[in-house]
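**Q** coords please:
(one chain, ligands or ions: 1)
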Amino acid sequence: MKKILVTGGAGFLGSYICEELLKKGHRVTAIDMADGKKIEHLVSDKKFTFIQDSVCDLSLMKHQMKDMDMIFHLAAIADPLKYVTNPLNVMEVDLLAAINIFKIAAENKMKIVFSSTSEVFGRNKDVPWSEDDDRVLGATSINRWCYSTSKAACEHYLFALHKEERVPFIIYRFFNVYGPKLDDLGHGRVVSIFLKQFLNGEDITVHGDGKQTRTFIYVDDAIDAVIKLAFYKKAENQVFNIGTPREYSMYEFAKIMKKVGGFKSKFKFIEHKKVFGKGYEDIPRRVPDTTKVKKCINWRPKISIEEGLKRTIEYYRNRK
Ligand code: UDP
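**A** Reported below is the predicted structural model:
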């Protein structure tokens, strides 16, 4: 039994991670600014504590991190619209707070499990990306890159902490994880935005020409890898891509959602600039090479896009 702190524990991935850690018998404390709706099924567990507060509060973090064995650091602002509308806040949380938390973790000799992002690779055209592939980013005047840069700086910091102070870590780069409890409908990422539009019978807002691609991984498959790797000694002090290699254009993806959900909406193409204003740049293709995670823990994603979307749509339909 370990004592584990999960920042962002009431968020999408965090809530699933808390649940799995509790199932494994660990004592879990979650810190999150969000309300506890996604973890309300866990609060009666005596091994679970939820603190609704900010990870930017250094004295709170120092206090909560005393006597902990391990931290899963997931708390972050990960909404593309916020990268351009509120970049300062993105960097306060995703960069400054994270580094402070890593310092405290190092003082307390905790293992750090860090949730990074596929955004780290930027718009490198040479897909699929393996973990050591180049980062290709735009100018610092393009706000979109503040998220990628914050997460990458955190990764550098963890490599340095390990090199100079032997602090153990593991880094996950997530490639568009989706599933029930993702975001509030209509907010955040493409899946919840499209889903709200489909459920309301509105037109689907495909950005640009819809040819930009993403890969998608169902949350259960991602969490399976996360938990296995976090407790596997041989995976320590490394980075892992967590995703699937099947690439979908956004137009194609929207059409699959329409078919799976039996929806009637029409598609409308809308310029990125109209949605994001200046300071945004899209990533034309995003595809992981997942050889490393597959080999390391003998892992394979099991849920097809159709099955994953079916479960996600059902969840939101029932909630509506
Ligand atoms: N996208 C879209 N319509 C929307 C929302 C997003 O076509 O209403 C596109 C977006 O421009 C991007 C892709 O879907 O090309 C994935 O966007 P998401 O917000 O999920 O985040 P990202 O993968 O870019 O981090």
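
**Q** CA atoms for contacts and neighbours, from now on please.
**A** Will do.

**Q** and Ala78, how far from Asn176?
**A** Relative to Asn176, Ala78 is positioned 11 Å away (criterion: Cα to Cα, to the nearest Å).

**Q** who's more crowded, those two?
**A** Asn176 (22 against 15; other Cα atoms under 10 Å).

**Q** okay, the more buried one: pLDDT?
**A** pLDDT recorded at Asn176 is 97.

**Q** when you give positions from now on, start the count at 581
**A** Yes, from this point I'll number from 581; that puts the last item at Asn756.

**Q** and it, what does it touch?
**A** Counting by Cα atoms under 8 Å, 6 or more residues apart in numbering, Asn756 makes contact with 794-797, 823.

**Q** the ligand: which of the residues you listed is nearest?
**A** Nearest to the ligand out of these is Arg794 (Cα to the nearest ligand atom; 6.4 Å).

**Q** tell me how many other residues crowd the closest one.
**A** Arg794 has 21 nearby residues by other Cα under 10 Å.

**Q** and the nearest residue to Val819 once chain neighbours are set aside, how many neighbours?
**A** Excluding the flanking residues, the one nearest Val819 by Cα to Cα, 6 or more residues apart in numbering is Ile751, at 4.6 Å. Number of residues near Ile751 (other Cα under 10 Å) recorded here: 28.

**Q** how about the one 4 residues further on?
**A** Phe755: 23 surrounding residues under other Cα under 10 Å.

**Q** can you check Lys791 too?
**A** The local packing of Lys791 (other Cα under 10 Å) involves 15 other residues.

**Q** what's the answer for Glu599, then?
**A** Quick note: Glu599 (other Cα under 10 Å) scores 17 neighbours.

**Q** list the contacts of it.
**A** Neighbours of Glu599 in contact, by Cα under 8 Å, 6+ apart: Leu622.

**Q** next one, pLDDT for Arg899 please.
**A** 84.

**Q** correction: the previous question concerned Tyr860.
**A** Per the predicted model, pLDDT is 82 at Tyr860.

**Q** ok, and the closest non-adjacent residue to it?
**A** Using Cα to Cα, 6+ apart and skipping the chain neighbours, the partner closest in space to Tyr860 is Arg724 (5.2 Å).

**Q** could you tell me the per-residue confidence at the one you found?
**A** 92.

**Q** these two touch, right, it and Pro660?
**A** Yes - counting by Cα atoms under 8 Å, Arg724 touches Pro660, with 7.1 Å between them.

**Q** stretch 814-822 close to the ligand?
**A** No - using Cα under 6 Å from any ligand atom, stretch 814-822 stays clear of the ligand, with a minimum separation of 13.9 Å.

**Q** tell me the buried residues in that stretch?
**A** Across stretch 814-822, burial judged by 16 or more other Cα atoms under 10 Å covers 815-817, 819-822.

**Q** repeat that for stretch 645-658.
**A** 645, 648-657.

**Q** so what's Ile822 closest to, chain neighbours aside?
**A** Of all residues not flanking Ile822 in the chain, Phe754 sits nearest, at 4.9 Å (Cα to Cα, 6+ apart).

**Q** got the contact list for that neighbour?
**A** Per Cα under 8 Å, 6+ apart, neighbours of Phe754: 695-698, 821-823.

**Q** look up how far Gly768 lies from it.
**A** Distance from Phe754 to Gly768, by Cα to Cα: 15 Å.

**Q** which elements pack onto the longest helix anywhere in the chain?
**A** Ranked by residue count and defined by DSSP state H, the top helix of the chain is helix 725-745. In this structure, helix 725-745 packs against helix 660-665, helix 667-671, helix 678-687, strand 691-697, strand 749-754, with contacts taken as 3 or more Cα pairs under 8 Å, 6 or more residues apart in numbering; DSSP states H and E.
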